[in-house]
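Participant: From the sequence below, what's the structure:
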Amino acid sequence: MAEGREAEPSAGVMDSQSVNAADMVGRDTRGYDAGKKINGRKRFIVTNTLGLLVVVCVMSASRQDRDGAKATLLSTYLFSPIRQVFADQGFAGRLVDSAAETLNTTVEIVRKPADQVGFVVHPKRWVVERGLAWLTGDRRLARDYERDPAVSEALIRWAASNTMIRRLDRGRPAARQGCRMFSTPG
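Facilitator: Got it, this is the predicted structure:
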């Protein structure tokens, strides 16, 4: 609301990130992402257009982006009012039609310009990339150590909550900054 927008988001941005898994992660919940040469898990996230986490799904890294996005979009449909999602080219194909037909959700593929050379920030996608960078900045999330993917999802939500708290706390007087949730009276 401080940004002059509606309280509930109507658009989101989706992306995935492959991360290495520790040795303790079972073979049944890990896989090999041949494109990125990573043996581990893949995190699918949807953020609102401000970059705040809305949905997270953790799966085997061997899952294709289009297949993993189905569960992520279903969660988005069930738990948020988001009905338009921006995604990169890895999510193109039947997913776009399937989401429109079954979930009443528009998936818009943001393609890079044909003449692009090197790295260029895409206005509709940088917020999710920044969100993934914030998550990776959390030491516990640089690698997946959890046996259960649900625990990994909970840790991602925890790290995203910490980011949201820091962003909300900006602009307060210096004496009031910090989390007082666990402080003792007096």
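
Participant: hang on, G12 is in a strand, isn't it?
Facilitator: Yes - judged by DSSP: H, G, I helix; E, B strand; the rest coil, G12 forms part of a strand.

Participant: all strands in this protein, in order from the N-terminus.
Facilitator: Secondary structure of the chain (DSSP state E): strands located at 11-20, 31-33, 38-48, 53-60, 84-87, 106-109.

Participant: Nearest approach to G93 belongs to which of the ones you listed?
Facilitator: strand 106-109 (9.1 Å; CB to CB). Bear in mind the C-beta positions are built from the backbone N, C-alpha and C, glycine included.

Participant: Please identify the buried residues of that closest one?
Facilitator: Judged by neighbour count (16 or more other CB atoms under 10 Å), strand 106-109 contains these buried residues: V107.

Participant: residues making contact with it?
Facilitator: Residues from elsewhere that reach strand 106-109 (CB atoms under 8 Å, 6 or more residues apart in numbering): 14, 69, 73, 83-89, 91-92, 95-96, 99-100, 124.

Participant: could the strands of the chain go into TSV alongside distance to A160 and mean pLDDT?
Facilitator: Formatted as TSV, those follow (distance: least, CB to CB, whole Å; pLDDT from 0 to 100):
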stretch	distance to A160	mean pLDDT
strand 11-20	13	94
strand 31-33	22	94
strand 38-48	9	95
strand 53-60	4	95
strand 84-87	18	95
strand 106-109	22	94
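
Participant: which stretch among the ones you listed comes nearest R166?
Facilitator: Closest to R166 of these, according to CB to CB: strand 53-60, at 13.4 Å.

Participant: Remind me what that closest one packs against, helices and strands.
Facilitator: Applying 3 or more CB pairs under 8 Å, 6 or more residues apart in numbering; DSSP states H and E, we find strand 53-60 packed against strand 38-48, helix 65-79, helix 149-169.

Participant: List the contacts of the residue most central in space within the chain.
Facilitator: By CA atoms, centre = their mean, the chain has its centre lying nearest to I45, at 2.4 Å. By CB under 8 Å, 6+ apart, the residues touching I45 are 14-17, 53-57, 72, 128, 131-132, 135, 156.
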